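Chemist: This is a predicted model, with the sequence first.
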Amino acid sequence: MKIKIKQVDAFTNQVFGGNPAGVVTCADSLTNVEMQQIAKEMNLSETAFVSQSDKADFKVQFFTPRFEVDLCGHATIGTFSTLFEEGRLDPQKSVFYQETKAGVLPVEVTEQNGKKVFMMTQATPRFEAVEVNKQLAADMLGLSIEDILDTPIQKVSTGIWWLVYGIKSLDKLSKAKPNLALVEEISKKYSLIGITPFCLETFEKEYSYHVRAIAPIVGVAEDPVCGTGNGCVASYIVQHNLIEQPDEITLIGEEGMEVNRPGCVYVSIHKEGSKVSTVKVGGQAVTVLEGEIRYK
């Protein structure tokens, strides 16, 4: 049997930029085992599978080459861009709901500068302390303790858990050589997808911060442009008042230069009092490949 599949570059409007995701928009006939096999064959950081839902407009499952994850930002953007291309999004609506393992979450179709931008609402941020000191944080990147910001090193989740901490210098962060074995060890110990070190210096002046997403535990050493990672980092930046902001702010995360797949992520943050209450992450996407998988 055959099933149609596409490869979509998310968080970019240029082919061969951003973060590639596999997308299967008609996955009702597939078992979880078959989805995992297809994701392994695609060998992308995530492949998304869309099926019918009795709770939302669509059910979406996300598989890395190794296992299923609760949520994926760039694969969500790629999925809804593909559904839009295929005419499966009601043109009378601008908000659609996806059933995920992180909950039923809305995705909004907007337009910026004449182009479609897809914004997904992520789960309310959670912050947890971990026993990772500045020396260990530095060791994971091959840096020195003096390169690490003084703000707390924390687990943050807007659907999946990342370890978030700041680096003082863009040059240091961009040139850092991650110790993948150590990152994987820490990820297993604290139930993390990986680490998202960031800095407030950027290559492009219109962006708010620079970030890298290192996640060897899922089979991809560095995710080019990561939606959940940016949701966590932007939430952390706002929660710790690293950027002066009102109760509503949109940050733009810059990512992917280190792996030659530059892209950017729009992150809309809403605060209630001193806490981040709503996080929306989005961007554009471009289909670069379509074909068929023979799976039986």
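Modeler: Everything's here; your move.
Chemist: So which residues of this protein form helices?
Modeler: Using DSSP state H, the helices of the chain run over residues 32-42, 73-85, 134-139, 170-175, 180-189, 227-239.
Chemist: Now the ones you listed in JSON lines, please, with extra columns for mean neighbour count and distance to Gln61.
Modeler: Where you see a C-beta, it was placed from the backbone N, CA and C, and this is true even at glycine. Formatted as JSON lines, the helices of the chain follow (neighbours: other CB atoms under 10 Å; distance: least, CB to CB, whole Å):
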{"stretch": "helix 32-42", "mean neighbour count": "17", "distance to Gln61": "6"}
{"stretch": "helix 73-85", "mean neighbour count": "28", "distance to Gln61": "10"}
{"stretch": "helix 134-139", "mean neighbour count": "17", "distance to Gln61": "32"}
{"stretch": "helix 170-175", "mean neighbour count": "16", "distance to Gln61": "33"}
{"stretch": "helix 180-189", "mean neighbour count": "16", "distance to Gln61": "21"}
{"stretch": "helix 227-239", "mean neighbour count": "29", "distance to Gln61": "15"}
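Chemist: Please name whichever of these is nearest to Phe63.
Modeler: Of all these, helix 32-42 sits nearest to Phe63, with 3.6 Å by CB to CB.
Chemist: could you dump the closest one to PDB, C-alpha only?
Modeler: In PDB, the C-alpha atoms belonging to helix 32-42 read as follows (Å, rounded to 0.1, in the frame of the first residue of the first chain):
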ATOM      1  CA  ASN A  32       1.700   3.800  15.700                       C
ATOM      2  CA  VAL A  33       4.300   1.200  14.700                       C
ATOM      3  CA  GLU A  34       4.000   2.100  11.100                       C
ATOM      4  CA  MET A  35       4.200   5.800  11.900                       C
ATOM      5  CA  GLN A  36       7.400   5.200  13.800                       C
ATOM      6  CA  GLN A  37       8.800   3.200  10.900                       C
ATOM      7  CA  ILE A  38       8.000   6.000   8.400                       C
ATOM      8  CA  ALA A  39       9.500   8.600  10.800                       C
ATOM      9  CA  LYS A  40      12.700   6.600  11.000                       C
ATOM     10  CA  GLU A  41      12.800   6.300   7.200                       C
ATOM     11  CA  MET A  42      12.300  10.000   6.700                       C
END
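Chemist: now for it, which elements pack on it?
Modeler: If you count contacts as 3 or more CB pairs under 8 Å, 6 or more residues apart in numbering; DSSP states H and E, helix 32-42 packs onto strand 2-10, strand 19-24, strand 47-51, strand 58-63, strand 68-69.
Chemist: I'd like the average pLDDT over the third one.
Modeler: So that's strand 47-51. Strand 47-51 comes out with an average pLDDT of 98.
Chemist: Please spell out which residues along that strand are buried.
Modeler: For strand 47-51, the neighbour count (16 or more other CB atoms under 10 Å) marks Thr47, Ala48, Phe49, Val50, Ser51 as buried.
Chemist: what's the angle from it to helix 32-42?
Modeler: For strand 47-51 against helix 32-42, the angle by axes from the mean of the first three to the mean of the last three CA atoms, to 10 degrees is 140 degrees.
Chemist: Over to the second one?
Modeler: Using the same axes, to 10 degrees, the interaxial angle of strand 19-24 with respect to helix 32-42 works out to 140 degrees.
Chemist: Kind regards, and thank you for your time.
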